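> pasted the sequence and its predicted model underneath.
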Amino acid sequence: PGWSTPFAGSVTRPGSIGEQLMGLRWKIALSLAVIALTATTAVGLISYRSTSTRLVDEIDRSISEASVQMLVRVGDGRIQLPSRGLLEVYSVRVLNADAEPVASSFMVEPEVSSDAESVVGVQRAIDRSTVSVEGDDLRVHTIGVSEGAVQIARPLDEVERVLDDLRRRTITLVVVVSLAAAALGWMIAGSVAAPLRRLTRAAEDVGSSGRLDVDVPGTGTDEVGRLGGAFRNMLGALAQSRAEQHRLVQDAGHELRTPLTSLRTNLAVLRRHPQMDREMRDGVLDDLDSEVSELTDLVNELVAVASGELETQPSERIVLGRLAGDVAERVGRRRSRDISVEVVDRSGAPGSVDAPRSALDRAITNLVDNACKFDVSGGLIEVVVDGGTLTVLDRGPGIAEHERDQVFDRFHRADAARSMPGSGLGLSIVKDVVVRQGGTVFATAREGGGSAIGFTLPLSPEWPDPGPPGEGGVSAASDGHTTRPPGDTP
């Protein structure tokens, strides 16, 4: 039991090692590492491909320049191989019109590809290709001539060495940058996650202990600071709600003792005196009935306050004078009292407010019931509606000036009303309903004796603001002015 019980089941316990590793800090570090890995890998691949293409283009250019010196014809029209100087760098092979080698300086003869065959015998046609001979790559140009073709090749060893070195450097750079990004992400995540860890510890402390007065870290205007501020505000609201509930339970227990004690006393009298005369028995039964009614009202008010049923109702457009007339009619019949409703008409249209209908009905009913209960003279109870202001006037004992700010507190009883029945919650419900809709409540003394208690709600947007007091007139009976004699039914 206790306030810690609801929180205990929701406390987050540390998980496995795998779950801890996937905490926020690790996620940020790994995310930055993956981003760096992806970016550097992409840059490395692009650099590798562009470098490879550029180097092969340079090889092609050098072969093209060398081919000018190599293609030397002899007088009889045959093609002969170039001098040894060029053959130290390039390999040359002469093909006849049938694409068969007739002379060659290749150490190992590569096959003649179909693309190379296509240029044989075609003057100035060129095929450029890369072939592999026993694991070594060669860049081969096949140049067509009228008698056949000449193939000039150059090994790609230098290109491969450059690309291998570039590949090693790129992989090293990718690994180094990824590790650096992970380390940077770890440090950044540490600075970001530190206040979050402290905030988590505070939340876990609240969940495990039920205490709402823990020190909540996090200040500033950034996201973490705003989260800490929101958490502090939430704990403050919870602490206030808990204090109000504790006070409500304590006050309700105190208020319940009085009718319960009276009920127990009257029942004991009935048991001890079973032969009491009829008049005395009827008096005891009347007391029991009154105490049960008082206890029922108290329980109903407690349920309304504790359940929050008045907070969940949707607002709607309400003509305040009409609702007051309905309440006056209902309470007048129930209490057999004369209740009048006077609507001050300033614009020719009924004043309307936006509020939950049943909640506002309950607030007006509580005001009228309160006036009927304390005005024991049996005289007229007056309800005046002026725009968004509703005032209930009675001729009861009135409210002392020092108690006017307290009459809307829960279970408050004025000195003059301590001996009278009541739950002490009626006016507090009025205040809750009105304040929730952006209005205010008031309690003043009535000229000539009695009280004037009521509230003011904001008018609906299309309703004009009321003018200064004294302007306008009083509406006719059809506009909301009603007087209900005892037991009158329309």
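Done, it's in.

> what packs against the lengthiest helix in the chain?
Across the chain, the longest stretch assigned as helix under DSSP state H is helix 157-209. Here helix 157-209 touches helix 5-8, helix 24-70, helix 223-272, going by 3 or more CB pairs under 8 Å, 6 or more residues apart in numbering; DSSP states H and E. From N, CA and C alone the C-beta is placed, and that goes for glycine too.

> could you tell me the least trusted of these?
With a mean of 42, helix 5-8 has the lowest mean pLDDT of the helices and strands packed on helix 157-209.

> hey, where'd the strands end up in the stretch 301-450 of the chain?
Using DSSP state E, counting those that start in this stretch, the strands of the stretch 301-450 of the chain run over 316-319, 339-345, 352-355, 381-386, 389-393, 440-445.

> nearest approach to residue 401 belongs to which of those?
Set against residue 401 and scored by CB to CB, the strands of the stretch 301-450 of the chain come closest in strand 440-445, at 7.5 Å.

> can you tell me the strand partners of the closest one and which way each runs?
strand 451-456 (antiparallel) (DSSP bridges).

> tell me the angle the strand it pairs with makes with strand 381-386.
Using axes from the mean of the first three to the mean of the last three CA atoms, to 10 degrees, one finds that strand 451-456 and strand 381-386 are set 30 degrees apart in direction.

> what about strand 451-456, distance to the chain center?
The chain centroid and the centroid of strand 451-456 are separated by 39 Å under CA atoms, centre = their mean, to the nearest Å.

> ok, now stretch 385-400?
Distance, centroid of stretch 385-400 to centroid of chain: 43 Å (CA atoms, centre = their mean).

> tell me the buried residues in it?
The neighbour-count check on stretch 385-400 (16 or more other CB atoms under 10 Å) flags 385-399 as buried.

> now residue 364: closest residue in space that isn't a chain neighbour?
Nearest non-adjacent residue to residue 364, counting by CB to CB, 6 or more residues apart in numbering: residue 327, 4.6 Å away.

> follow-up on the earlier one: distance to residue 236 and mean pLDDT added to the strands of the stretch 301-450 of the chain, as TSV?
As requested, the strands of the stretch 301-450 of the chain are exported to TSV (distance: least, CB to CB, whole Å; pLDDT from 0 to 100):
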stretch	distance to residue 236	mean pLDDT
strand 316-319	32	90
strand 339-345	41	88
strand 352-355	27	90
strand 381-386	37	92
strand 389-393	33	93
strand 440-445	24	91
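
> output the ones you listed as TSV; include the columns distance to residue 239.
Listed next are those as TSV, based on distance: least, CB to CB, whole Å:
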stretch	distance to residue 239
strand 316-319	34
strand 339-345	42
strand 352-355	29
strand 381-386	39
strand 389-393	34
strand 440-445	25
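
> and residue 407, its phi and psi?
phi -70, psi -20 (degrees, to the nearest 10).

> and if you look at residue 379?
The phi/psi pair for residue 379 (degrees, to the nearest 10) is phi -80, psi -170.

> show the contacting residues for it.
If you count contacts by CB atoms under 8 Å, 6 or more residues apart in numbering, residue 379 has them with 338, 395.

> mind running it again at 7 Å?
Counting by CB atoms under 7 Å, 6 or more residues apart in numbering, residue 379 touches residue 395.

> pLDDT wise, what is it at?
We have a pLDDT of 86 for residue 379.

> try residue 447
The per-residue pLDDT reported for residue 447 equals 85.

> what's the local residue count around it?
By other CB atoms under 10 Å, the residues close to residue 447 number 8.

> same question for residue 261.
11.

> could you measure from it over to residue 282?
21 Å (CB to CB, to the nearest Å).

> cool, residue 175 as well?
According to CB to CB, residue 175 and residue 282 sit 100 Å apart.

> again with residue 191
Applying CB to CB to residue 191 and residue 282 gives a distance of 81 Å.

> same deal with residue 60?
124 Å.

> and residue 27, by the same measure?
Residue 27 is 79 Å from residue 282, by CB to CB.

> try residue 445
Residue 445 sits 39 Å away from residue 282, going by CB to CB.

> specify the beta-bridge partners of residue 442.
residue 454.

> pretty sure residue 354 contacts residue 317?
Yes - counting by CB atoms under 7 Å, residue 317 is a contact partner of residue 354 at 6.0 Å.

> what do the two both touch?
residue 460.

> out of those two, which sits in the more crowded spot?
Neighbours were counted for residue 354 and for residue 317 using other CB under 10 Å; residue 354 has more, 17 against 12.

> pLDDT score assigned to the nearest residue to that one once chain neighbours are set aside?
Among residues not flanking residue 354 along the chain, residue 315 sits closest, at 4.8 Å (CB to CB, 6+ apart). Confidence at residue 315, expressed as pLDDT, is 85.

> just checking, residue 315 touches residue 352?
No - the criterion here is CB under 7 Å, and residue 315 misses it with residue 352 at 11.6 Å.

> the two: who's more crowded?
Set residue 315 next to residue 352 and count neighbours by other CB under 10 Å: residue 352 wins out with 22 against 14.

> could you find the closest non-adjacent residue to the more buried one?
Nearest residue to residue 352, sequence neighbours excluded (CB to CB, 6+ apart): residue 460, at 4.6 Å.

> my read: the one you found touches residue 353, true?
Yes - under the criterion of CB under 7 Å, residue 460 makes contact with residue 353 at 6.1 Å.

> show me which of the two is the more surrounded one.
residue 353 (24 against 16).

> and the more buried one, how far from residue 325?
For residue 353, the distance to residue 325 - CB to CB - is 15 Å.

> what of residue 374?
22 Å.

> what's the pLDDT at the closest residue in space to residue 378 that isn't next to it in sequence?
Among residues not flanking residue 378 along the chain, residue 337 sits closest, at 7.3 Å (CB to CB, 6+ apart). pLDDT recorded at residue 337 is 88.

> count the residues that sit near residue 337.
The tally of other residues near residue 337 (other CB under 10 Å) stands at 20.

> one more: residue 116?
23.

> buried ones in the longest strand along the chain?
Identified as the longest strand of the chain according to DSSP state E is strand 136-145. Residues 138-145 are the ones in strand 136-145 that count as buried (16+ other CB under 10 Å).

> in CSV: the residues you listed, plus pLDDT and distance to residue 98.
Shown next, in CSV, are these (pLDDT from 0 to 100; distance: CB to CB, whole Å):
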residue, pLDDT, distance to residue 98
138, 89, 22
139, 90, 25
140, 92, 19
141, 92, 20
142, 90, 14
143, 89, 17
144, 87, 14
145, 84, 14
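
> from those, pick the one nearest residue 405.
So of these, ranked by how close each gets to residue 405 (CB to CB), first place is residue 139, at 99.3 Å.

> can you tell me how far the closest one is from residue 51?
Counting by CB to CB - residue 139 and residue 51 are separated by 16 Å.

> number of nearby residues for the closest residue to residue 48 other than its chain neighbours?
Nearest residue to residue 48 in three dimensions, chain neighbours excluded: residue 166, at 6.0 Å (CB to CB, 6+ apart). The number of residues packed near residue 166 is 16, by other CB under 10 Å.

> repeat for residue 292
Residue 292 has 12 neighbours, counted by other CB under 10 Å.

> that one - that's part of a strand, no?
No - read with DSSP: H, G, I helix; E, B strand; the rest coil, residue 292 is helix and lies in no strand.
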